[in-house]
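S.K.: pasting the sequence and the predicted coordinates here, then a few questions.
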There are 2 protein chains.
Amino acid sequence: MAASRERSSHELDAPPWLRVESTLMATASTIRRVYDQRFAALGLNLSQASLLAYVDDFGPATQTRIAERLDIGRAATGSIVDQLEERGLVERQPDADDRRVWLVAPTVAGHDLVVKIIEIDTVFRSELRKGISRAERQQLASLLVRLQMNLALNDLDQNFNKEPVRN
Amino acid sequence: MAASRERSSHELDAPPWLRVESTLMATASTIRRVYDQRFAALGLNLSQASLLAYVDDFGPATQTRIAERLDIGRAATGSIVDQLEERGLVERQPDADDRRVWLVAPTVAGHDLVVKIIEIDTVFRSELRKGISRAERQQLASLLVRLQMNLALNDLDQNFNKEPVRN
DNA sequence: ACGATAATGTATGTTTCCATACAGTATGTT
DNA sequence: AACATACTGTATGGAAACATACATTATCGT
């Protein structure tokens, strides 16, 4: 751990004031990029593929539900649905019980594409896991979840602020 | 593979066809978001704070070098330097040896701010590590590095012209 | 039944970053 | 010296996602 009054010594580490955190962000960023590259073969990006695979697995879902599951906003979700709908991969079905919502469902073409999505995903994940044991993967998952729990604690104040301001 | 999972309402749940990978990306994304929130108290975001802290620690650096170190593009780097320069936190110095480049260096105000940046970073990282032992952190770092190695193999054609930086 | 409050999807503007193309400058070859 | 090539920083356009505001529709309390 550098005391860092010395400047010229090591230029090879990450920015000195970040360590595991920056490695984590960099790794995540690379994973996302590679996913995007792989799915580009299908004319999709990761977000589109995720959404399509989700509605195919889960069945017709409202956009709010999709947004929660994919951890993106409702506006972004609507935009992705627009894109997939233009290509005939999903369709918006009205919900008889609630006229505010659309149920997003895969078309036949969409379902066929999901088969390839899952295939690409499976291949990539197996490449990613090369040389990493099941126990280690579980260890990794456990550590990540614990990090997220610490983050959730730190984030509590923020969530309080999220109350909508009405006039 | 994925049968439909029923954990309806928790944030830690992931799209069913993704597991550790999505947790990793979600965790990284949250870390980035919290960093942005914390640095907002200084009127900075994570990228700006990273750049400023880097040039303060390393000394005057060209934008290309900064871009490589922060793992962003040269254009994005130039934009961040613009922002920091407008606030008088860094300045562009001409390089006597190479009239193409600017050497980006912190001002006095910039250096003062870095003190607070490091403070915020230190606090946040200690919160993040709560309940996670040193051995576990090392395990995490090791796993992340191995993931990156697997990614680098898959990514060889693309992006890995990056040589270790030598002078 | 009625009004207040909440939820849904969409529109809008902003931010951040990438990819590409470009002008100016340096470097290497001959 | 002269030319071709490579590198640096910038301009530009585009993609992705956020936050906010809004109209429409549901739901709840009274």
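M.R.: Great, that's in hand.

S.K.: when you work out contacts or count neighbours from here on, use the C-alpha atoms and nothing else.
M.R.: Noted.

S.K.: go through chain A and flag its longest strand.
M.R.: Assignment by DSSP state E gives strand A:98-106 as the longest strand of chain A.

S.K.: and for that strand, what's in contact with it?
M.R.: A:52, A:55-56, A:59-63, A:81, A:89-95 (CA atoms under 8 Å, 6 or more residues apart in numbering or on different chains).

S.K.: same thing with stretch A:39-54?
M.R.: Stretch A:39-54 is contacted by residues A:32, A:35-37, A:66, A:70, A:80, A:84, A:89-90, A:106, A:110, A:113-114, A:117-118, A:120, B:15-17 when judged by CA under 8 Å, 6+ apart.

S.K.: circling back: now the longest strand of chain A, how far from the centre of its chain.
M.R.: With CA atoms, centre = their mean, to the nearest Å as the basis, strand A:98-106 stands 22 Å off its chain's centre.

S.K.: how far off strand A:98-106 does the helix or strand following it point, in degrees?
M.R.: The first helix or strand that comes after strand A:98-106 along the chain, using DSSP states H and E, is helix A:108-128. Orientation note: helix A:108-128 sits at an angle of 60 degrees relative to strand A:98-106 (axes from the mean of the first three to the mean of the last three CA atoms, to 10 degrees).

S.K.: does DNA strand D sit close to the longest strand of chain A?
M.R.: Yes. Strand A:98-106 lies within reach of DNA strand D by CA under 7 Å from any atom of the strand, at A:98-100.

S.K.: quick one: buried residues of that strand?
M.R.: For strand A:98-106, the neighbour count (16 or more other CA atoms under 10 Å in any protein chain shown) marks A:101-106 as buried.

S.K.: list the contacts of the closest residue in space to A:Ala28 that isn't next to it in sequence.
M.R.: Once flanking residues are discounted, A:Ala28 sits nearest to B:Met25: 4.8 Å by CA to CA, 6 or more residues apart in numbering or on different chains. Contacts of B:Met25 were listed using CA under 8 Å, 6+ apart, and they are A:25, A:28-29, A:31-32.

S.K.: re the thing from before, which one of the residues of strand A:98-106 next to DNA strand D is nearest DNA strand C?
M.R.: Checking the residues of strand A:98-106 next to DNA strand D against DNA strand C by CA to the nearest atom of the strand gives A:Arg100 as the nearest, at 5.3 Å.

S.K.: now do the end-to-end distance for stretch A:48-67.
M.R.: 12 Å (CA to CA, to the nearest Å).

S.K.: buried stuff in that stretch?
M.R.: Of the residues in stretch A:48-67, those buried by neighbour count under the rule 16+ other CA under 10 Å are A:48-58, A:60-64, A:66-67.

S.K.: again with stretch A:141-150
M.R.: Result for stretch A:141-150 [16+ other CA under 10 Å]: buried residues A:141, A:143-150.

S.K.: ok, back up a step: now render the residues of strand A:98-106 next to DNA strand D as CSV, adding distance to B:Arg125 and pLDDT.
M.R.: Shown next, in CSV, are the residues of strand A:98-106 next to DNA strand D (distance: CA to CA, whole Å; pLDDT from 0 to 100):
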residue, distance to B:Arg125, pLDDT
A:Asp98, 45, 93
A:Arg99, 46, 92
A:Arg100, 43, 92
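
S.K.: list phi and psi for A:Tyr54.
M.R.: Backbone geometry at A:Tyr54, expressed as degrees, to the nearest 10, gives phi -70, psi -50.

S.K.: and it, how far is that from DNA strand D?
M.R.: 15 Å (CA to the nearest atom of the strand, to the nearest Å).

S.K.: could you pull out the helices for chain A?
M.R.: Using DSSP state H, the helices found in chain A span residues A:20-40, A:46-58, A:63-70, A:74-86, A:108-128, A:134-154, A:156-161.

S.K.: look up how far B:Leu140 lies from the most centrally placed residue in chain A.
M.R.: In chain A, the residue lying closest to the centroid (CA atoms, centre = their mean) is A:Leu70, at 5.8 Å. Between A:Leu70 and B:Leu140 the distance is 25 Å, computed by CA to CA.

S.K.: cool, A:Arg38 as well?
M.R.: Using CA to CA, A:Arg38 is found at 26 Å from B:Leu140.

S.K.: these two: who's more crowded?
M.R.: Per other CA atoms under 10 Å in any protein chain shown, whichever of A:Arg38 and B:Leu140 has more neighbours is B:Leu140, with 22 against 18.

S.K.: picking up where we left off before, and the buried residues of strand A:98-106 near DNA strand C, which?
M.R.: When contact is defined as CA under 7 Å from any atom of the strand, the buried residues of strand A:98-106 meet DNA strand C at A:101-103.

S.K.: and of the buried residues of stretch A:141-150, the nearest to A:Ala75?
M.R.: Closest to A:Ala75 out of those is A:Gln148 (24.6 Å), distances taken as CA to CA.

S.K.: what's the closest non-adjacent residue to the closest one?
M.R.: Counting by CA to CA, 6+ apart, the residue nearest A:Gln148 is B:Thr27, at 6.1 Å.

S.K.: and what of A:Val55?
M.R.: Closest residue to A:Val55 apart from its sequence neighbours, by CA to CA, 6+ apart: A:Ala105 at 6.0 Å.
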